[in-house]
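A.B. asks: Curious how this folds, go ahead:
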Amino acid sequence: YRVVTRIVIWEDSNALMIPSNAIFRTDRGWAAFAVVDKRARLTPLEIGRNNGVTAQVLGGLDEGAVVILFPGNLIRDGLLVRPRDLD
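C.D. replies: Numbers count the residues shown, from 1 in each chain. Next up, the predicted model:
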């Protein structure tokens with residue numbers, strides 16, 4: 001026999017979610033680099049649920065915001081950035 005299950009612990013179709021690889025810890029909590037006017041902007045976030053793949057944003061970003069994935073140690077607030085194709 002083969003049994004396939006799916007266990008849903010939490011679900012909210014209206015939640016604002018971003019990839020977990022865009023967020024990181026600072027001394028004040030969670031943050032991400034949002035792209036505003038072609039510049040990286042350090043943006044403090046209030047994070048809710050985080051399953052390691054996606055994180056719920058309770059505050060700090062608006063829907064449609066562009067964030068930097070896997071921000072390295074060379075990214076800093078105000079740095080000029082440009083989008084990269086992921087194809």
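A.B. asks: Show me what the strand ranked longest in the chain is packed against.
C.D. replies: Ordering each strand of the chain by length in residues (DSSP state E) puts strand 39-50 first. Applying 3 or more CB pairs under 8 Å, 6 or more residues apart in numbering; DSSP states H and E, one finds that strand 39-50 makes contact with strand 23-26, strand 29-36, strand 54-59. All C-beta spots, glycine's among them, are computed from the backbone N, C-alpha and C.
A.B. asks: go again using 10 Å as the cut-off
C.D. replies: strand 17-19, strand 23-26, strand 29-36, strand 54-59 (3 or more CB pairs under 10 Å, 6 or more residues apart in numbering; DSSP states H and E).
A.B. asks: okay, how far is it across stretch 18-26, tip to tip?
C.D. replies: 17 Å (CA to CA, to the nearest Å).
A.B. asks: Nearest spatial neighbour of residue 46, chain-adjacent residues omitted?
C.D. replies: residue 59 (3.7 Å; CB to CB, 6 or more residues apart in numbering).
A.B. asks: which ones are touching the one you found?
C.D. replies: Applying CB atoms under 10 Å, 6 or more residues apart in numbering to residue 59 gives the contacts 16, 44, 45, 46, 47, 48.
A.B. asks: buried set for the longest strand of the chain?
C.D. replies: 40, 41, 43, 45, 47 (16 or more other CB atoms under 10 Å).
A.B. asks: Could I get the contacting residues of the residue lying closest to the third one once chain neighbours are set aside?
C.D. replies: Meaning residue 43. Closest residue to residue 43 apart from its sequence neighbours, by CB to CB, 6+ apart: residue 34 at 4.5 Å. Residues in contact with residue 34 (CB under 10 Å, 6+ apart) are 18, 22, 40-43, 45, 60-62, 65-68.
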